[in-house]
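> Here's my sequence, what's the structure:
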Amino acid sequence: MALAYASAMFPPSSPSHKTWEDPSFFKWRKREAHVPLRSQDTLEVPSNWQMHGFDRPIYANMTYPFPLNPPFVPADNPTGCYRTVFHIPKEWKGRRILLHFEAVDSAFFAWVNGVPIGYRSGSLEAVWYSQGCAPTIKATDYFFKATLDDNFSLADIEVEVEIDSHKHDREHVPTLSIEATLFDNSGLSNSIDADLSYANAVNLKPKPKPTRSPCRGFHGYVLGGKIENPKLWSSEHPNLYTLVVLLKDANGKLIDCESCQVGIRNVVLAHKQMLVNGCPVILRGVNRHEHHPRLGKTNLEAFMIEDVILMKQNNINAVRNSHYPQHPRWYELCDIFGLYVIDEANIETHGFDDSSTFKHPTLEPIWANAMLDRVVSMVERDKNHACIIVWSLGNVSSYGPNHASMSGWIRERDPTRLLHYEGGGSRTSSTDIVCPMYMRVWDIVKIAKDPSETRPLILCEYSHAMRNSNGNIDVYWMAIDNTFGLQGGLIWDWVDEGLLKEDSDGSKFWAYGGDFGDTPNDSNFCLNGIVWPDRTIHPAVHEVKYLHQPIKISSAENMVKIENGHFFETTEALDFSWVLHGDGCILGSGPLNVPTLAPQTSQLINMESSPWFALWSACAAKEVFLSVNVKQRHETRWAKAGHLLASAQLCLPQKNVFVPNVIAFSSSPLVCERIGDSVTICKAKEN
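Have a look, this model is predicted:
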């Protein structure tokens, strides 16, 4: 099975869509009970209120910023009240109005026109309320289910609040789930449910519900159709189609329509391998927290785009959303640019490790619904994105019956992706991937060679990038590139989570735990990325790019070997070149004619027939280096033409040993003759 995944979006200009864009009236108090519903302060939405002078950020890795005593929270529970007015267009009269909160941290109550309409405590989960006009939102910093969260403690409305209108409860397109099946023996490479793309449109009609429902409790229509030889989605080829769904009444009048981007791809588990479109792709990835140096966890699209582009430019093809579902736009960008995503539920109970009073939530039935709710919310919101190839049950939350329940639900709901969970030793029945963190190289090789372990191994975290780190990453990649069953790893982590702060003398610096007077804190342990908070790269990024490069260049004896490590891309659009250095000086350079290499193939170049052989043979330098560069010929979404994709510098043996010429003479003087670039020293001629 495969899925054709869609990232559904309302067009910004849609008359059925509005966004909470104006600053709201805002009031913050240290205690929830003391917060008035009216205030003259204002605050942008979305934003983190700690980044605007209300309260202070707290950084703690494991320790909770409140006493661990679930289900109780302290009386001093910082709370903010937002109030605004939406002007409902007259065209919306009689329509169903939905108030959409994508992410509010950490819990909130909502009122419309003074009437309570809902409460949510999922922090980073989407929720819709069927009301609209003048909403009031009260968000609290602590709540008992915050013990499931992993965050730099910032309370806020993190993502835009939206209002959408629909014709009627039963007359709109509420959800899209698009399923595809690959037919290898039918003359069609693939078949998908629905597609509109390029010049050829496929028109589909509703069909009766099949005997086996796409998912338990499914009610709706199944649209069927076929596409001959569709272009599949992968990190190397992020092909997307546009799907348009039209809903008409019995008379053919248009009631509702939706459009979305669709990527078609297949993910299956084989013996010691995860296959994407039939190939054992290698995840060369990073873990990514949502972080902005000035805005905290409020994301700007420009920073998300910069992250994607930097990752692609430095040969990073995968990202783990650590440790929570992220901004909806992030998934759309990963679909468009081509990044494999491990989408992770907002579950982390690290703080229970040292408790002698409370068990880990996964062991307690009372926590089961809260944990499952977060997994269900993640899957249902993000299920239609091609970039997501693996679901994760969370991070460092021990292991127990509640994880078994969550994994069972996901496997029933979405058998088209793999499952990831490191807790409990990274090899439990709730994970399809052996996914340890910070395991030694010899241990991952040992697991990969264990005949009783049939699952692939991917390091969910490795090469912790704090301070001057990443020094032995080459040893990991030597093992990964040469051991069947190892399929990559994700560096911890992408970005330093420092916040821009100004000192008393006006100088600016990256602040971390303790710089805000916050207690408890874990100091600078949040500064462990390979890029600075402003996305300036660390020196280690150059090493990461080199070790992740898809074109490998090596030498052995009298040959240079060029390998195409891509799984779907040929080298047709790449330009190869060489430079020969002798004792630090450029001896020569030029293009290198390499035949087009298919994916996972290689080419040997004999030194004696190479364009640098003559220079090398005549060179008397003690140190000779051959540099081979591989550049993109054409511009892409993420790089300009001429972008350096791969490179290598090979040390060549000294080819020509210089033997001094000893001149025998008696008392005859020496003379020096210079002709052009040649200097000759000889005995003077006798008269």
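
> Does anything pack onto the strand of greatest length in the chain? Which helices or strands?
The residue-count maximum for a strand in the chain (DSSP state E) belongs to strand 254-265. If you count contacts as 3 or more Cβ pairs under 8 Å, 6 or more residues apart in numbering; DSSP states H and E, strand 254-265 packs onto strand 2-8, strand 241-248, helix 328-337. Every C-beta, even on glycine, is put in place using the N, C-alpha and C of the backbone.

> Helix or strand next in line after whatever helix or strand Lys561 lives in, which one?
For Lys561, the element it lies in under DSSP states H and E is strand 559-564. With elements assigned by DSSP H and E, the helix or strand that comes after strand 559-564 is strand 574-582.

> returning to what we had before: go through the helices and strands packed on strand 254-265 and name the closest to Phe358.
Nearest of the helices and strands packed on strand 254-265 to Phe358, taken as Cβ to Cβ: helix 328-337 at 33.4 Å.

> Strand 254-265 and the closest one, what's the angle between them?
60 degrees (axes from the mean of the first three to the mean of the last three Cα atoms, to 10 degrees).

> helices or strands up against helix 328-337?
Partner elements for helix 328-337 (3+ Cβ pairs under 8 Å, 6+ apart): strand 2-8, strand 254-265, helix 301-313, strand 340-344.

> Can you find the helix or strand of this structure with the lowest average pLDDT?
One helix or strand of the chain scores below all others by mean pLDDT, DSSP states H and E: strand 191-192, with a mean of 32.

> still on that earlier bit, paired strands for the longest strand of the chain, with orientation please.
strand 2-8 (antiparallel), strand 241-248 (antiparallel) (DSSP bridges).

> Give me the buried stretch members for the helix or strand encompassing Val268, please.
Here Val268 sits within strand 267-270, counting by DSSP H and E. Across strand 267-270, burial judged by 16 or more other Cβ atoms under 10 Å covers 267-269.

> same deal with stretch 304-315?
For stretch 304-315, a neighbour-count test (16+ other Cβ under 10 Å) marks 304-305, 307-315 as buried.

> which helices and strands does the strand holding Lys561 pack with?
strand 551-556, strand 602-606, strand 624-632.

> okay if I get these as CSV plus mean neighbour count and distance to Glu160?
CSV is the format used below for those (neighbours: other Cβ atoms under 10 Å; distance: least, Cβ to Cβ, whole Å):
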stretch, mean neighbour count, distance to Glu160
strand 551-556, 16, 41
strand 602-606, 14, 49
strand 624-632, 19, 35
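
> give me the low-pLDDT residue ranges for the stretch 451-600 of the chain?
514-517, 520-525 (pLDDT under 70).

> Now distance to Val73 too, for the helices and strands packed on strand 559-564, in JSON lines please.
Compiled in JSON lines, those are given as follows (distance: least, Cβ to Cβ, whole Å):
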{"stretch": "strand 551-556", "distance to Val73": "54"}
{"stretch": "strand 602-606", "distance to Val73": "60"}
{"stretch": "strand 624-632", "distance to Val73": "53"}
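
> nearest to Lys685, of those?
Smallest distance to Lys685 across the helices and strands packed on strand 559-564 (Cβ to Cβ): 38.8 Å, for strand 624-632.
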